[in-house]
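Colleague: from the sequence below, what's the structure:
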Amino acid sequence: MRWKWIAGTAIVAAALFLFSTYDNRRTDDPETMPREKELAMKRTIMERDAEHTEQLFRAACAADVRRVFAQSKSADDVRRRLRQMMDHNRHFVYAAWQPPAGAGTDSRDEPVRFGSLPTDAGEAIRSRLDDKTVPAGPGMTRISGTIRAGKRAYIVIHASSPDQQLGTVTAVASHELSDRIMKEQRKNLRIVPYPSDKRFNIESVDSDTLRDKKVRHPEQNEGTSHYLVDHVVVKFRGEPTEQQLAQIQEDIGCRRVRRLGYTYVFESERLNAKQMMDYFRDRWNPEYVEPHYIYLTNGIKRTSGQSRAQSDEESTFAPNDELFAAYQWNLPNIGTLKGWQLGKGSEAVKVAVIDTGVDLDHPDLAGRLAEGINLVDENAPPEDDVGHGTHVAGIIAATVDNYEGVAGMSWYNQVMPIKVLDHTGAGSTYDVARGIIWATDNGASVINLSLGNYVDAEFLHDAIRYAYDRDVVLIAATGNDNTEDPGYPAAYPEVLAVSATDSSKRRSVFSNYGDYLDVVAPGETIASTYFENQYAALSGTSMASPHAAALAAMIRSLNPDLTNEEVMDIMRKSADDLGAPGKDPYYGYGLINVRTALEYALKPEGFSEATKKSAWQEFLESLRSLFKE
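Modeller: Take a look at the predicted model:
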């Protein structure tokens, strides 16, 4: 009997091994993929990135023009907002305002023009400017087809005011984004040899009594409303003058004021919501003043017969960022929106982005950047001159729910921009190591490294160990060469190594792989912020890594007592298993899951017990998976 048991066990083990190997090769076999097929697939991804970047550009420009009317009540407002739009966005080369038909002869109703029409595509643009058929109604926006002239591309945007009382705006925007994306992605995806050239806290109240209520568990969200502690919403009885608004901003230490119709949202640097409400009631007698509540979609209130999964799905919050619904597949793909029900980060936990710098003036990153440093030129700020670092930063921290651009994964964690790569996207080991040490010494809790090579440099490893020994979570991209060769710093044992997946949760063809891989995250055609106040879609493990970095920051925000190793362990064990059962070289432990990871962060004791499995239990689970398939 004994030999039969041994033989049977060997057969089962061999079958399990062979089946797993076959399954891996069927879906993820980079070793047998012909080089030309790999390059062709990379080119397809690159072209899709350029196409989506073009779409993002068109959508963002149209939103900028519409915003001119949304923030205006008079012709003077329109002219001022139009001037600001031109000043803050260099890609707008021309803009004109036309008063409504039947306007008076007052000089204030004269048409105004800013900028000048480009000469290289003048006739094609002028024909669209003279088109009297657009826009066709109140509040309508029309965007022309792309007009190409050399490397530049132009679009013409027509927009009319919502009530047609403020006339129409026509704008011309120019960019080289698509060509630039093609050029950069050829390097990033290794289609060509490279390098080839030298904010806020949340409080909660009971929705019926408006009394403070602490929410420590999802079950307690029922009947609870949440608000931003440093915001208030005010509706005045009469429209305040500019002088009065200036006085209010000085009195409360206003960081930002936003207007929607007759209502204002004030954000203070030094007063909380209750203090601001007392101030407005005492000094301004408004029609109302209230906290800035966070609204969720209208779900069905849970009954005893409703499942928890249904309730979670119904109450998932979708942000209002303009480009979210159409382009950001990545956040729902990893359970981010459900994760926001448990935690949205904290300003106290900072993520260092060691990269090409960040666009410090990008409107979608306003208030989301901590102090950083430029180690390429220490006399200059860490300004991005490539776009890569800005894209990484936006994945982590682009402002959420601000009616603008894209949404980051974290609502509150700040990004610390550290420029170590120059205008070519390359940098020295010395500067990267200095960046890691500087970030550690200046309070970074998480460090993202969307960079690397294949040299196990001790100098860099020393810097990694320096950060790790001081409890920093280190996250790095594995690389885009579709190789098993270990990439550093991702392959260091102190670092969480991240590869990329597509929207179908399949391994990206360009992703490096190997036994050192920990997890995977979305990395194909990811929409995010880009330098020069723009947006772009990029692919690469560079895009996957900041998803994991943002999750690490959210975990630490929810449970600051966790060590860096505990955070990484939670990220590994809470991942959704993909590919062969268990950890494998193509997916590591699997695709990061924000919701599950945050649940584990809230109850690390239960997580520890749940993940203590014997080798025999793991074998039985693998066996069960085999027979299921």
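
Colleague: how many other residues sit next to Lys37?
Modeller: 10 (other C-beta atoms under 10 Å). C-beta coordinates here come from the backbone N, C-alpha and C atoms, glycine included.

Colleague: just the element for it, please.
Modeller: Taking DSSP states H and E as the criterion, the element that holds Lys37 is helix 35-70.

Colleague: after that helix, next one along is what?
Modeller: Next helix or strand after helix 35-70 toward the C-terminus (DSSP H and E): helix 75-88.

Colleague: for the nearest residue to Leu56 once chain neighbours are set aside, which three-state class applies?
Modeller: When the adjacent residues along the chain are set aside, Leu56 lies closest to Tyr535, with 4.3 Å between them (C-beta to C-beta, 6 or more residues apart in numbering). When the structure is split into helix, strand and coil by DSSP: H, G, I helix; E, B strand; the rest coil, Tyr535 lands in strand.

Colleague: endpoints of stretch 252-267, how far apart?
Modeller: Across stretch 252-267, the straight-line distance between its terminal residues is 9 Å, by C-alpha to C-alpha, to the nearest Å.

Colleague: go on, stretch 330-342?
Modeller: Using C-alpha to C-alpha, first and last residues of stretch 330-342 are 19 Å apart.

Colleague: and it, what's its mean pLDDT?
Modeller: When pLDDT is averaged over stretch 330-342, the result is 95.

Colleague: pull out the buried positions in that stretch.
Modeller: Residues 330-331, 333-342 are the ones in stretch 330-342 that count as buried (16 or more other C-beta atoms under 10 Å).

Colleague: now do the contacts for the residue nearest to Leu56.
Modeller: 53, 56-57, 60, 323, 364, 405-406, 527-529 (C-beta atoms under 8 Å, 6 or more residues apart in numbering).

Colleague: so where is the stretch 501-629 of the chain shaky, pLDDT-wise?
Modeller: Under the criterion of pLDDT under 70, the regions of the stretch 501-629 of the chain flagged as low confidence span 606-629.

Colleague: with the stretch 201-350 of the chain instead?
Modeller: Looking along the stretch 201-350 of the chain with the criterion set at pLDDT under 70, you get 201-228, 259-263, 292-316.

Colleague: now with 90, please.
Modeller: Flagging of the stretch 201-350 of the chain using pLDDT under 90 yields the residue ranges 201-242, 245, 252, 254-274, 276-277, 281-318.

Colleague: mind listing the helices for it?
Modeller: Chain-ordered helices for the stretch 201-350 of the chain, with DSSP state H, counting those that start in this stretch as the definition, fall at 242-252, 273-284, 308-314, 324-327, 330-333, 336-339.

Colleague: quick one: the first one to helix 273-284, angle?
Modeller: Here helix 242-252 runs at an angle of 140 degrees relative to helix 273-284 (axes from the mean of the first three to the mean of the last three C-alpha atoms, to 10 degrees).

Colleague: how far is stretch 480-493 from where the chain is centred?
Modeller: Between the centre of stretch 480-493 and the centre of its chain there are 24 Å (C-alpha atoms, centre = their mean, to the nearest Å).

Colleague: next, give me the two most distant ones among the contacts of Tyr535.
Modeller: The two members of the contacts of Tyr535 with the most space between them (C-beta to C-beta) are Thr53 and Asp364, at 15.4 Å.

Colleague: what sits against Asn374?
Modeller: The neighbours of Asn374, taking C-beta under 8 Å, 6+ apart as the test, are 357, 380-383, 419.

Colleague: do the same with His362
Modeller: By C-beta under 8 Å, 6+ apart, His362 lies in contact with 390, 394, 529, 531, 533.

Colleague: quick check, the first one in a helix?
Modeller: Yes - for Thr390, which was evaluated using three-state DSSP, the result is membership in a helix.

Colleague: any idea how far the residue nearest to Leu56 lies from Gly590?
Modeller: When distance is defined by C-beta to C-beta, to the nearest Å, Tyr535 is 29 Å away from Gly590.

Colleague: of the contacts of Asn374, grab the buried ones for ChimeraX.
Modeller: Here is the ChimeraX command that selects the buried residues among the contacts of Asn374 (16+ other C-beta under 10 Å):
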select :357,382,383,419
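
Colleague: so which of the contacts of Asn374 belong to strands?
Modeller: The strands, defined by DSSP state E, take in Lys419 from these.

Colleague: burial count for Leu538?
Modeller: Applying other C-beta under 10 Å, we find 29 other residues in the vicinity of Leu538.

Colleague: and the contacts of Asn374, which is closest to Thr119?
Modeller: Of all these, Thr119 sits closest to Glu383, with 29.9 Å by C-beta to C-beta.

Colleague: test my guess that that closest one contacts Leu360.
Modeller: Yes - under the criterion of C-beta atoms under 8 Å, Glu383 is in contact with Leu360, at a separation of 5.8 Å.

Colleague: give me the three-state assignment for Asp179.
Modeller: helix.

Colleague: so for stretch 60-78, mean pLDDT?
Modeller: When the per-residue pLDDT values of stretch 60-78 are averaged, the result is 88.

Colleague: from the middle of its chain, how far away would it be?
Modeller: Averaging C-alpha positions (C-alpha atoms, centre = their mean) puts stretch 60-78 26 Å from its chain's average.

Colleague: among the contacts of His362, which pair sits farthest apart?
Modeller: Largest separation among the contacts of His362 by C-beta to C-beta: Gly394 and Asn533, giving 11.7 Å.

Colleague: now the contacts of Asn374 as a markdown table including distance to Gly253 and pLDDT?
Modeller: Supplementary listing: these in a markdown table, determined by distance: C-beta to C-beta, whole Å; pLDDT from 0 to 100:
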| residue | distance to Gly253 | pLDDT |
| --- | --- | --- |
| Gly357 | 29 | 96 |
| Ala380 | 30 | 96 |
| Pro381 | 25 | 97 |
| Pro382 | 27 | 97 |
| Glu383 | 28 | 97 |
| Lys419 | 31 | 96 |
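
Colleague: got the domain ranges for the chain?
Modeller: In terms of domains, the chain is parsed into 36-177, 202-295, 324-628 (source: automatic domain parsing).

Colleague: nearest to Lys183, of these?
Modeller: domain 36-177 (9.4 Å).

Colleague: distance between that closest one and the chain's centre?
Modeller: Offset of domain 36-177 from its chain centre (C-alpha atoms, centre = their mean): 25 Å.

Colleague: can you map out the strands along the stretch 501-629 of the chain?
Modeller: With DSSP state E, counting those that start in this stretch, the ranges of strands along the stretch 501-629 of the chain come out as 519-522, 526-530, 534-538.

Colleague: next: the stretch 101-250 of the chain.
Modeller: All strands of the stretch 101-250 of the chain, identified by DSSP E, counting those that start in this stretch, fall at 112-115, 141-143, 147-149, 152-160, 168-175, 202-206, 224-235.

Colleague: for Leu517, give its distance to Ser545.
Modeller: When distances are taken as C-beta to C-beta, Leu517 and Ser545 turn out to be 12 Å apart.

Colleague: quick one on the thing from earlier: what residues sit buried inside the helix holding Lys37?
Modeller: Using 16+ other C-beta under 10 Å as the burial criterion, the residues of helix 35-70 that qualify are 38-39, 41-42, 45-46, 49-50, 52-69.
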